[in-house]
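In: A predicted structure for the sequence below; I have some questions about it.
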Amino acid sequence: MRAAAIFDLDGTLLPGTSTERLFLARAVREHALHPARLAWGATLSVASWLRHQTATPFERKAYLAQQNSASFEALGVTCVHADVLPRLRPDLVRALETHRQRGEALVLLSGTLDFLGTELARALGIEFAVVAGLERSGGRFTGWVVPPHPHGGGKLTALVALAAREQLDLAKSTAYANHASDLAHLERVGFPQAVTPDRALRVAAERHGWPVWEATDESHRTRPAG
């Protein structure tokens with residue numbers, strides 16, 4: 001069985017923002033989405049959560065409903081290369097390369113949109129992308145995420161399934177994450193790493209003796225979008 005290196009994306013590999021926010025900003029700039037649609041979509045997503053149709057508001061992407069999937073996927077490729085890759089935290093990219101050189105399986109574990117996460121994984125040479133699968137029908141998005149959504153406990157569910165399928169040894173694996181919602185899968189691996197953690201994760205990391213990666217001038221460095 002192989003060890004793995006498991007990387008969260010938003011707030012971890014990508015400091016200070018999220019891939020979905022960067023994508024939405026580009027989609028609005030390029031008139032692929034109207035701000036009013038985003039507001040409408042957010043309202044519907046929260047309503048679905050309050051009606052217990054979803055476990056979290058993140059499991060419905062109502063703003064994508066009936067949008068042409070191919071055109072958004074193409075825009076997503078542009079966003080990843082112009083807006084996301086230049087902003088990745090350099091020290092974690094170097095850590096990723098170190099794990100690769102050790103022969104470990106590289107895993108991107110994130111609730112980001114599938115067409116963003118899979119393209120980023122492809123660009124970085126990451127073997128497995130466990131991301132939010134968007135439901136599609138007739139070449140269009142339905143606005144729903146296919147469960148399990150890799151957020152909170154859903155990350156652990158998805159990771160355990162991947163480990164069983166690909167013969168990954170979680171006890172010998174390393175995971176990098178920044179938020180208390182990541183505790184479930186951090187506690188499952190042998191070598192958890194807290195990256196610029198929120199308060200609750202910092203407390204847990206100190207209690208367990210986990211390494212903490214603090215923010216540095218280098219990790220905050222960004223370049224303008226192309």
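Out: In hand now; what should we look at? From a predicted model like this one, the values you see are computed outputs, not experimental measurements. Residues are numbered from 1 along each chain as shown.

In: list the contacts for residue 10?
Out: Residue 10 sits next to 17, 18, 19, 20, 110, 111, 112 when contact means CB atoms under 8 Å, 6 or more residues apart in numbering. Every C-beta, even on glycine, is put in place using the N, C-alpha and C of the backbone.

In: count of neighbours near the third one?
Out: Same thing as residue 19. 26 (other CB atoms under 10 Å).

In: so which helix or strand takes in residue 71?
Out: helix 69-79 (DSSP states H and E).

In: which elements pack onto that helix?
Out: helix 19-29, helix 114-124, strand 140-146 (3 or more CB pairs under 8 Å, 6 or more residues apart in numbering; DSSP states H and E).

In: next SSE after the shortest one?
Out: Right, strand 140-146. Assigned by DSSP H and E, the successor of strand 140-146 is helix 153-166.

In: for the first helix or strand past that next one going along the chain, what is the average pLDDT?
Out: Once the chain leaves helix 153-166, the next helix or strand it forms, by DSSP H and E, is strand 174-177. For strand 174-177, the mean per-residue pLDDT is 98.

In: separation between residue 152 and residue 8?
Out: Here residue 152 is placed at a distance of 12 Å from residue 8 (CB to CB, to the nearest Å).

In: what touches both of those two?
Out: residue 182.

In: more neighbours: those two, which one.
Out: residue 8 (27 against 19).

In: contacting residues around that one?
Out: 109, 110, 175, 176, 177, 178, 179, 182, 195.

In: lowest confidence element among the helices and strands of the chain?
Out: helix 35-50 (a mean of 68; mean pLDDT, DSSP states H and E).

In: got the contact list for residue 163?
Out: 4, 169, 170.

In: just give the number of residues close to the second one.
Out: What that stands for is residue 169. 15.

In: from residue 100, how far out is it?
Out: For residue 169, the distance to residue 100 - CB to CB - is 17 Å.

In: cool, and residue 83?
Out: 24 Å.

In: between these two, which is the more surrounded one?
Out: residue 83 (23 against 16).

In: the more buried one reaches residue 20, doesn't it?
Out: No: using CB atoms under 8 Å, residue 83 is not in contact with residue 20; the gap is 11.2 Å.

In: where in the chain is pLDDT low?
Out: Along the chain, segments meeting pLDDT under 70 span 38, 40-41, 44-50, 52, 54-57, 217-226.

In: nearest residue to the middle of this protein?
Out: With distances taken as CA atoms, centre = their mean, residue 110 lies nearest the centre of the chain, 2.5 Å away.

In: residues in contact with that residue?
Out: Taking CB under 8 Å, 6+ apart, we find residue 110 in contact with 8, 9, 10, 19, 117, 130, 131, 132, 150.

In: going by distance to residue 206, which of those wins?
Out: residue 8 (19.2 Å; CB to CB).

In: from residue 163, how far off is that closest one?
Out: 16 Å.
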